[in-house]
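Student: quick one: sequence plus predicted model below, questions after.
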Amino acid sequence: MGDSKKVVVVGIPGVGKTTVVTKLEEMLKAAKIRTEQVVFGTVMFEEAQKMGVKSRDDMRKLDVKTQKKLQINAASAIAKKSAPIVLIDTHLFISTKEGYMPGLPNDILKALSPTNLVLIEASPHDIISRRQNDPTRARDVARQEVIERELLIAKAMLSASAVVAGAAIKMVTNADGKADECARELFEALK
Ligand code: ATP
Ligand code: MG
């Protein structure tokens with residue numbers, strides 16, 4: 001796993017992580033670079049289902065201790081992947097009733113040891129409309145001020161994660177209708 005890049009891709013819900021990572025994976029594969037894509041939340045949900053949780057969006061309602069256990073189980077499963085590029089689609093923080101809980105606390109970062117941290121951003125206006133118009137998910141609706149605060153917290157969490165992991169930070173904008181361009185920029189940075 002010496003030359004393997006572990007790329008953690010983060011950004012607030014609805015910014016377009018899964019969309020961009022899926023396109024990036026296609027570009028890397030077309031360039032014959034063996035790539036594995038992992039959605040951290042999906043691996044967490046697989047662990048949660050073992051505890052009887054029915055819906056992916058119900059995971060946020062679990063208590064902090066249970067969410068923590070699920071994160072550690074998911075990180076251990078992902079740490080076993082060994083492709084030259086592993087793309088890990090995840091969240092920097094989760095809003096719980098007790099406050100913002102880091103998605104990448106120290107123990108999770110240690111388990112994953114990412115080489116790269118990618119933050120995907122978009123304008124609050126675009127994020128709101130993406131959350132409202134996504135037919136595939138039961139998303140929370142948020143006001144502009146809430147989104148702006150989430151974007152700030154994302155950057156703060158990103159800096160803290162980079163220092164702990166010793167990983168490079170790359171920030172990219174996923175502008176409306178331009179997910180391909182966003183993926184292309186990441187492809188050029190990571191290939
Ligand atoms: P989550 O954190 O909840 O998993 P996400 O960051 O992975 O969200 P996506 O599911 O990729 O976000 O995208 C959310 C919605 O926004 C989807 O309906 C997707 O099609 C749309 N979307 C993503 N990128 C763009 C873009 N550049 N232009 C327009 N719509 C987009
Ligand atoms: Mg997603």
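Tutor: Thanks, I have it. Ligands and ions are numbered 1, 2, ... in the order given.

Student: which residues are in contact with the lowest-mean-pLDDT helix or strand in the chain?
Tutor: The element with the least model confidence among the helices and strands of the chain, by mean pLDDT, DSSP states H and E, is strand 93-96, at a mean of 84. Defining contact as Cβ atoms under 8 Å, 6 or more residues apart in numbering, one finds that strand 93-96 is touched by 60, 64, 67, 100-103, 140, 153-154, 157. All C-beta atoms are positioned from the backbone trio N, CA, C, and that covers glycine.

Student: buried subset of the residues you listed?
Tutor: Neighbour counting over the contacts of strand 93-96 (16 or more other Cβ atoms under 10 Å) leaves 67, 100-103, 153-154, 157 as the buried ones.

Student: of the residues you listed, which pair is most distant in space?
Tutor: The largest distance within these, taken as Cβ to Cβ, falls between Gln67 and Ala154 and amounts to 18.3 Å.

Student: list the buried residues in stretch 30-40.
Tutor: Neighbour-count burial for stretch 30-40 flags 33, 35-40 (criterion: 16+ other Cβ under 10 Å).

Student: quick one, what contacts Met44?
Tutor: With contact taken as Cβ under 8 Å, 6+ apart, Met44 is in contact with 59, 70-71, 73-74.

Student: tell me which parts of the protein are close to ligand 1?
Tutor: Taking Cβ under 6 Å from any ligand atom as the criterion, the neighbours of ligand 1 within the chain are 11, 13-19, 91, 130, 134, 174, 176-179.

Student: most neighbours among the residues you listed, which one?
Tutor: For the residues of the chain next to ligand 1, the largest number of neighbours (other Cβ atoms under 10 Å) sits with Gly11, at 27 neighbours.

Student: for the residue lying closest to Leu92 once chain neighbours are set aside, give its distance to Val8.
Tutor: Of all residues not flanking Leu92 in the chain, Met157 sits nearest, at 4.1 Å (Cβ to Cβ, 6 or more residues apart in numbering). In this view, Met157 and Val8 are 11 Å apart by Cβ to Cβ, to the nearest Å.

Student: what do you get for Ile33?
Tutor: Taken as Cβ to Cβ, the spacing of Ile33 relative to Val8 amounts to 18 Å.

Student: wait, the residue nearest to Leu92 sits on Pro105?
Tutor: No: Met157 lies out of contact with Pro105 (Cβ atoms under 8 Å); the separation is 10.0 Å.

Student: export the contacts of strand 93-96 as a markdown table, with columns for pLDDT and secondary structure.
Tutor: Formatted as a markdown table, the contacts of strand 93-96 follow (pLDDT from 0 to 100; DSSP: H, G, I helix; E, B strand; the rest coil):
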| residue | pLDDT | secondary structure |
| --- | --- | --- |
| Arg60 | 78 | helix |
| Val64 | 80 | helix |
| Gln67 | 84 | helix |
| Tyr100 | 87 | strand |
| Met101 | 82 | strand |
| Pro102 | 87 | strand |
| Gly103 | 83 | coil |
| Asp140 | 79 | coil |
| Ile153 | 94 | helix |
| Ala154 | 95 | helix |
| Met157 | 94 | helix |
